[in-house]
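[1] Fold the stuff below for me.
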Amino acid sequence: MISLNLPTFQIKTTHRNGRTQIYDFLRRRYVTLTPEEWVRQHFTHFLVDHLGYPAALLGNEVTIDVGGVARRCDTVLYRREGGTPRLIVEYKAPDIPISERVFNQISAYNSVLRADYLIVSNGVEHYCCHLDYVHRTAEFLPGIPRHAELK
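    This next block holds a predicted model:
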């Protein structure tokens, strides 16, 4: 797999049915290793191991209903109080550029979830946006905030 702009971690892989699988510590199971999954695993480890995000509040491949169609949100961070979404992340494979289409996709998910933070990453480039629903503003942040820095 391609080298990413994220810290490395202790990678666990296995081979089943002719496919390489990687251990997803949030789902507690092995999943097929695709370029997007490679990014997801690096990014979730980055959030937990380097930025202090509680693993117990993160979920991967969360199913939501967007306009009557079941979609899967790549990663969701929930609030301790109330369990509502606080942050959502959309991943792309490293060779997929972060484009307006990616932002439209995560915006559609957020029309349902109403999270305060949106992150998009292809493992090489990462963008984070803070949404203020009271003042109706969106601010792109210079980096990915630590969990303790979330407003």
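
[2] where do the helices sit along this protein?
    Here the chain has its helices, by DSSP state H, at 35-45, 51, 100-113.

[3] Give me the residues contacting the last one.
    Just to be clear, that refers to helix 100-113. Contact with helix 100-113 is made by 64-67, 71, 73, 76, 85, 88, 90, 92, 96, 118, 120, 131, as judged by CB atoms under 8 Å, 6 or more residues apart in numbering. Any C-beta I mention is one placed from the backbone N, CA and C, and that applies to glycine too.

[4] repeat for the shortest one
    By CB under 8 Å, 6+ apart, the residues outside helix 51 that reach it are I144, P145, R146, H147.

[5] Next, format those residues as JSON lines and append distance to T14, pLDDT and neighbour count.
    Listed next are these as JSON lines, based on distance: CB to CB, whole Å; pLDDT from 0 to 100; neighbours: other CB atoms under 10 Å:
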{"residue": "I144", "distance to T14": "29", "pLDDT": "98", "neighbour count": "21"}
{"residue": "P145", "distance to T14": "34", "pLDDT": "97", "neighbour count": "18"}
{"residue": "R146", "distance to T14": "32", "pLDDT": "98", "neighbour count": "12"}
{"residue": "H147", "distance to T14": "30", "pLDDT": "98", "neighbour count": "15"}
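
[6] Appreciated, that's everything.
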